[in-house]
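J.: the following block contains a protein sequence and its predicted model.
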Amino acid sequence: MSSEAYRRDPHRYRRRDWEETNLEPPEFEVELPGQMPDIHQGDPSPPASQPASLTLRVRPGTSQNQMRLGGTPPLPTAKAMRPSSSGGDPALQPLPFSVTLKGAGHRRQSPGNLGDSSVGRRYSDRDEQGRRGIRWVEDVARHYRIAGSVMPSCHAGMEIRHASRATVDQDASSETFVVKLRYKNKSFQGKNEESRWRNNTELILNMPQTNGIARLIDVLEDTKAYYVIMERAGGCDLYECLSGAPERRLPASEAREVLKELLAAVAELHSHGFIHKDLKLENVMLNRPGPKCPSHIRRNLATSPGAGVKLIDFDTVEEWNSTGPKSRHVLGTDQYIAPEAYEGKYSPASDIFAVGVIAFKMLTGSFPYNGRLFDDKPGENWVGSPKMKEIKQKLCDARVSFSHPVFEKDPGAQRLVSRMLAVEEKDRPDAQELKHLTASMSRSMATTSLCFGLGACGCFTWLAARRPKAGSVGQPQTPPLIEYSPKAIEGSGGRKMRRLVLREANVDISQAKIEVEEVEVPKAPWGHVLVKVAAAPVNPSDDGTWKLPPSQGYPMALGNEGSGRVVASGGGVVAGRLVGREVAFFGKSFSQYAVADAMTCSKLPTDVPVEDGCAFYINPFTVVCMVEAVKSQKGRAFIHTAAASQLGQMMVKYCQTEKMQLVNLVRRKEQAEVLRNLGAEFVVDTSQADWKATLRGLIEQLQIRHAFDCIAGDMPGTLLPLLPPGSTVWVYGRLQGALSGIDPVELMYRQKKLEGFLLTTSLFKGGWLATFRRFKRAAGQVCKGLTTTFASEFRDVSLEDMQRVYVQHKASGATGAKIRVRP
């Protein structure tokens, strides 16, 4: 990396500010002079006992067994400080209480680490179990020749230099490395930080070698510093590469390949339990020149084969634990710091956010956020400071512009980057999954545009049906459009997922035995996709499923529809093109993962949150198909019962757009008010004594011959006598149980019809071409009105709470808000 990157824009780098201001919470120091046997401070063979002083750092309210050994940064109140009796660093005046030191032990301490009882000198590079560690050396020059500077470091107390082995072996001596010097008295804030750095460094030393991560060759220490010997990654870093490129960006195809290799490296790092915490352009090396790499960089390219992308700089790398403590400081580089990091919360998702920024910069040549957003000053980057809270809020409120032509040409790139830049951690995919989502970015713009333009709802039916035979010849072999790795999705031993299953049906839904079970993630067969479920609605049709024993036996997976992100394809052009897309689907959706037929998946609009597309099919498609059924019989008006439901409210709005007259039957006055507020012109409240007379008058006025009923019970028998001869009542639910009160005379002698209405029957009738046209027309209408006409209100529940909340919801007779399961 060139030093110009630092000089060019120094404010892009968030430096650690403890050199300028004390960011530690107030602490007290107590100095205990006296004999400290066998705690050594420099000479590897000191006398058994020597005068020394020990400093304890105590935070107010800390119990005795939580006291930490070691020094502390300078405290802000200098008037309370005095020189220690040994002439060392200042210490506070003795406090009016006694401190008892227990269990000091006799461990040999490493210089610069007094008080870190877990760290001792190691003269070999491996311990008894063969694990590598930091080696103590008396003279670094006997092991490595340290040469001139590679570049300046933006951190205090660090240098980055060239190095080579100090050995007579000609082959070994010709190999060059990069060495980072960390001076013990300047580059650490305190002993705890130094101890954590040692532990993490030794863990990285023992991480299996991978092409995408620069290797740590060796780590040495002496009395003054640590010497981190690293692989010399040839080529140029991404910052320099983009600086020499036209418009400071890469072509989409090249950016995709770099991103793909970068995600593989990040996934590898995460798989070993680490997070980087400072991913940025400058820490990504490209080991290939290409036309975009400046000429002065090409001369330094490594000649050895290897990965095109390598991660470097592991000073901020930490072992991650979801239950671990928060960071006290906001570390990283402006633009790349995830919103949650401003609260001290770092996780693998924080690294994904940084990768999203890198991807955005590679594709557009600019950063996603306005640089004026990051206006903090030195000393303000501690967690909880007003400035960090302000920046976090501004970052969350900021809108990333995807107006660049590259995103218009390649919608897959926009979806990919926008998901990585999601404000909420849970909305970002992990690196392993992203390795496969990069395939949704453009490979062949003509093919991609064709597929996106026609949709996936049957436009390639003949292609998907013509599955290639094994060993077939006669056609040129082309690489698969989508790379699918079962291991990445299912894990080496079968990745687990949670789902809801029916163990025992019951007419009383509260007594049905519904449980959460853990099973292996399924593999998508040919023509199908694997969807990571974001949300799934509970529909009235689910109600009937729980009441009747399943024909296929127990346990039966539950759910009919949902929305989520396609993470894998089982094969076929249609399925392959859906990988990485957010879709609505039919399938067993009360689950963390679901398999869906690619032909029945609908791509969601990019401006709609994926969870809001979960009710894409059953209610909206039912509304569309009902109106088409009336139109097919030359009707212009019809009746709808239980009209205050989510489906009923959609029907009100859709009939307005279709110029259809709709009479809405509701059960309560407040429900009538809801529909009138939506613009409903005709609302009949069945709780009123004269509702039948009112309805009869509307039937005559609007010449109504059609009705849809989801109540059942005696409602169809009530509607039939009010309708004129030749009318039809469609029943599509049974909220009040089985039909009753039907007068056969109405059916036999007045030519009235009582029919059932099934969405699948209405949608898939007339052959595959008619089905495709109907499906595509309905999907197009739903997409256009997903946030307006077909918008739904939801109440989110977990898998465990679904049954209980739904039973309460149904018992209350509530209408409007729909229960939505979030697996």
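T.: Alright, I've got the coordinates.
J.: going by C-alpha atoms from here, please, whenever you check contacts or count neighbours.
T.: Noted.
J.: let me know whether Asn560 touches Ser589 as I believe.
T.: Yes. Between Asn560 and Ser589 there is a contact at 6.0 Å, judged by CA atoms under 8 Å.
J.: which one of those two has more residues nearby?
T.: Ser589 (33 against 21; other CA atoms under 10 Å).
J.: output the lowest mean pLDDT helix or strand found in the protein.
T.: Counting by mean pLDDT, DSSP states H and E, the chain has its least confident helix or strand at helix 461-465, which shows a mean of 27.
J.: domain assignment for this protein?
T.: Residue ranges for the domains of the chain, per automatic domain parsing: 135-231, 251-440, 445-467+482-611, 619-768.
J.: distance from the last one to the middle of the chain?
T.: Using CA atoms, centre = their mean, to the nearest Å, the mean C-alpha position of domain 619-768 is found 43 Å from that of the whole chain.
J.: what mean pLDDT does that domain have?
T.: In this model, domain 619-768 has a mean pLDDT of 90.
J.: dump the domains of the chain into CSV; add distance to Phe794 as well.
T.: Listed next are the domains of the chain as CSV, based on distance: least, CA to CA, whole Å:
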stretch, distance to Phe794
domain 135-231, 43
domain 251-440, 18
domain 445-467+482-611, 8
domain 619-768, 10
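J.: show me the residues around Arg145 that make contact.
T.: By CA atoms under 8 Å, 6 or more residues apart in numbering, the contact list for Arg145 reads Ala163, Ser164, Arg165, Ala166.
J.: which elements pack onto the helix or strand containing the first one?
T.: If I follow you right, that is Ala163. Assessed by DSSP states H and E, Ala163 sits inside strand 158-165. Judged by 3 or more CA pairs under 8 Å, 6 or more residues apart in numbering; DSSP states H and E, strand 158-165 is in contact with strand 144-151, helix 170-173, strand 176-183.
J.: confirm Ile217 sits in a strand?
T.: Yes. Assessed by DSSP: H, G, I helix; E, B strand; the rest coil, Ile217 belongs to a strand.
J.: how far away is it from Arg498?
T.: Separation of Ile217 from Arg498 (CA to CA, to the nearest Å): 42 Å.
J.: which of those two has more residues huddled nearby?
T.: A count of neighbours by other CA under 10 Å puts Arg498 above the other of Ile217 and Arg498, at 17 against 14.
J.: wait, the more buried one touches Leu558, no?
T.: No. Taking contacts as CA under 8 Å, Arg498 lies outside contact range of Leu558: 11.8 Å.
J.: where do the helices sit along the stretch 301-450 of the chain?
T.: Under the criterion DSSP state H, counting those that start in this stretch, the stretch 301-450 of the chain contains helices at 348-364, 386-397, 405-409, 411-420, 431-437, 445-454.
J.: re earlier: residues in contact with the strand holding Ala163?
T.: By CA under 8 Å, 6+ apart, strand 158-165 touches 143-153, 172-183, 187, 229.
J.: got it, and stretch 396-404?
T.: Pro339, Thr364, Pro368, Tyr369, Gln414, Val423.
J.: dump the residue contacts of the fifth one.
T.: The one in question is Gln414. Taking CA under 8 Å, 6+ apart as the test, what Gln414 contacts is Phe402, Phe407.
J.: test for you: state the pLDDT assigned to it.
T.: On the pLDDT scale, Gln414 is placed at 86.
J.: next: the last one.
T.: At Val423, the model reports a pLDDT of 93.
J.: wait, Gly571 touches Leu530, no?
T.: No. Here Gly571 lies out of contact with Leu530, judged by CA under 8 Å, at a distance of 10.9 Å.
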